[in-house]
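In: return a 3D structure for these sequence lines:
(one chain, ligands or ions: 1)
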Amino acid sequence: MKDEQMKIPADCKTVIFDVDGTLYDKTGIAQKMVRRLWWCLPLLMAERLARKNMHYVQYASEDEFFEAFFYQMARGHWWGPKIAEEWYRFVYMPAMVRIIRKSYHPREDVMAIIAECRQRGLRMVIYSDYGAVIEKLEALGIDSSQFDMIISAPELGALKPSESCARRLLEMLEADPKTTLFVGDREDKDGASANAVGAQYLKV
Ligand SMILES: [Mg+2]
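Out: The predicted structure follows:
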C-alpha cells in the first residue's frame, strides 16, 4: 500500500468505490473486448459513441436513460434500439464479465482500503458507471455482501460525473459530504462527482 496517497481521512464515515479501473486495473480491457467481440465491432463502436453522447445528459429515471442510450446506439445503423439492447445485455456485458474473470484480479492497494474500512466499521458503497456490478465483483472474487449499497449512475438517470446522481446518492445514504470519500481512478468522473457534492476524493 502506497502510504501517502492511500489514506482514508480520520473523520470519514462513508466510502464510495468506483468499479472499473478502481477495484481492478483495467489496462487492456478495451482491446480484449475488441478481440472477443470482433464479429460485432460496429455495435461495440456504437456503444462507445452512445456512451460519449450520453455524457452530461440527465434523465429522470433508469428506464429513460436506457431508452435514450439504445436509441443513440441504433441511430444511423441497420439495427434498431431493441437489438442494441439485447446485444448490450446478453453479449456485451456478459463478455466484459467473462474477460474480468479470466484476466483481471483485484488491486491490492484498494483491497487494503476495503480491509481498513471494514476494520474501522465504515460504510462502504459501490457506485459504478456500468451495470452488472455484482457479476463483476463475483468475477473478481470480491464479496459483494460486504457493501452497504451497490448502485450504478444510470440507475440514477445519468453517467458520472452527474452532480444530480452524486447528490441523489448521498441523499439515499443520508451521508454528510464532509465525511464521505469517493475512491476512483478517474479525476474527470470520480473526482468530479466528489467535487460536485463537496465530498473528498482519493485517486487510485
Ligand atoms: Mg473507473
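
In: only C-alpha atoms from now on, for both contacts and neighbour counts.
Out: Fine.

In: list the helices and strands the one helix or strand Val183 maps to packs on?
Out: If you go by DSSP states H and E, Val183 is part of strand 180-184. If contacts are counted by 3 or more C-alpha pairs under 8 Å, 6 or more residues apart in numbering; DSSP states H and E, strand 180-184 sits against strand 14-17, helix 192-197, strand 200-203.

In: okay, now the sheet partners of that strand, with direction.
Out: strand 14-17 (parallel), strand 200-203 (parallel) (DSSP bridges).

In: ranking those by burial, who's on top?
Out: Per-residue neighbour counts averaged over each of those give the maximum for strand 14-17, namely a mean of 24 (mean count of other C-alpha atoms under 10 Å).

In: give the contact list for Arg123.
Out: By C-alpha atoms under 8 Å, 6 or more residues apart in numbering, the residues touching Arg123 are Lys13, Thr14, Val15, Cys117, Phe147, Asp148.

In: nearest to the ion, of the residues you listed?
Out: The shortest distance between the ion and any of the contacts of Arg123, using C-alpha to the ion, involves Val15 and amounts to 15.0 Å.

In: quickly list what the residue nearest in space to the middle of the chain is bridged to.
Out: Note on the chain: the residue nearest the mean C-alpha position is Ser128, at 2.0 Å, using C-alpha atoms, centre = their mean. Ser128 has these beta-bridge partners by DSSP bridges: Ser152.

In: isn't it up against Glu155?
Out: No: counting by C-alpha atoms under 8 Å, Ser128 stays clear of Glu155, with 9.7 Å between them.

In: for the residue nearest to the centre of the chain, give me the pLDDT.
Out: In this prediction, Ser128 carries a pLDDT score of 97.

In: and stretch 146-160, anywhere near the ion?
Out: No: using C-alpha under 5 Å from the ion, stretch 146-160 never reaches the ion; the gap is at least 9.7 Å.

In: residues in contact with that stretch?
Out: Outside of stretch 146-160, the residues within contact range by C-alpha under 8 Å, 6+ apart are 54-66, 123-131, 133-134, 165, 168, 189-190, 193.

In: among those, name the buried ones.
Out: Among these, those that count as buried by neighbour count (16 or more other C-alpha atoms under 10 Å) are 54, 58-59, 62, 65-66, 123-131, 133-134, 165, 189-190, 193.

In: in helices, which of those residues appear?
Out: For these, the ones inside helices are Glu62, Phe65, Phe66, Val133, Ile134, Cys165, Ser193, with DSSP state H as the criterion.

In: just the pLDDT for the residue lying closest to Asp188 once chain neighbours are set aside.
Out: Nearest residue to Asp188 in three dimensions, chain neighbours excluded: Pro161, at 7.0 Å (C-alpha to C-alpha, 6 or more residues apart in numbering). Note for Pro161: predicted pLDDT of 96.

In: then the one 4 residues further on?
Out: Note on Cys165: pLDDT of 97.
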